[in-house]
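Trainee: return a 3D structure for these sequence lines:
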Amino acid sequence: MSSSLVHPLILFDGVCNLCHGSVQFIIKRDPKRVFRFASLQSELGQSFLKEANLPSIELQTLLLVENGKIYKRSSAALRIARRLKGLWKLCFGLIIIPLFLRNILYNWVARNRYRWFGKKETCWMPTPEIKELFLN
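Mentor: Next up, the predicted model:
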């Protein structure tokens with residue numbers, strides 16, 4: 001499934017306010033419209049969680065599906081950053097930090113994101129202007 005994608009796909013927690021803000025941040029810095037998006041709660045998101053051998057309730061991760069591979073947590077975030085306009089691409093240099101160290105910070109934020117940023121009762125729906133960037 002992951003090899004059939006034309007655009008890199010970002011899978012995010014659809015009820016998380018931090019995740020929603022992150023998607024908006026990425027869209028604003030992706031003028032070439034490289035990325036596509038889907039929530040982890042969607043049927044598509046659930047199929048990629050299964051493909052990545054993650055439980056279907058694993059919503060504390062960000063997934064990036066790119067070039068037939070699935071990246072998660074900090075690896076996904078850094079690979080996304082390197083494709084954004086501006087200085088954000090320099091963040092990719094942090095990839096040299098060992099994965100377990102990078103994910104300590106990532107996992108801490110993920111565990112606390114609902115408490116710090118809140119959550120929605122239902123998945124966020126994109127506006128008509130950006131709806132084509134979201135896959136069902």
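
Trainee: name the surrounding residues that touch the helix or strand R79 falls within.
Mentor: Assigned by DSSP states H and E, R79 falls within helix 73-81. Outside of helix 73-81, the residues within contact range by CB atoms under 8 Å, 6 or more residues apart in numbering are 8, 10, 26, 35, 61-64, 66, 71, 88-89, 91-92, 94-95, 99, 102-103, 105-107, 110. C-betas here are computed from N, CA, C, even on glycine.

Trainee: give me that answer again for 6 Å
Mentor: Taking contacts as CB atoms under 6 Å, 6 or more residues apart in numbering, the residues outside helix 73-81 that touch it are 61-64, 71, 88, 91-92, 94-95, 102-103, 106.

Trainee: low-confidence ranges in the protein?
Mentor: 1-4, 58, 122-124 (pLDDT under 70).

Trainee: can you show me the strands along it?
Mentor: Here the chain has its strands, by DSSP state E, at 9-12, 36-39, 63-66, 69-72.

Trainee: go through those and pick out the most buried.
Mentor: Most buried of the strands of the chain by mean neighbour count (mean count of other CB atoms under 10 Å) is strand 9-12; its value is a mean of 25.

Trainee: which helices and strands sit right next to it?
Mentor: strand 36-39, strand 63-66 (3 or more CB pairs under 6 Å, 6 or more residues apart in numbering; DSSP states H and E).

Trainee: could you dump the ones you listed into a markdown table and include distance to I80?
Mentor: As requested, these are exported to a markdown table (distance: least, CB to CB, whole Å):
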| stretch | distance to I80 |
| --- | --- |
| strand 36-39 | 11 |
| strand 63-66 | 6 |
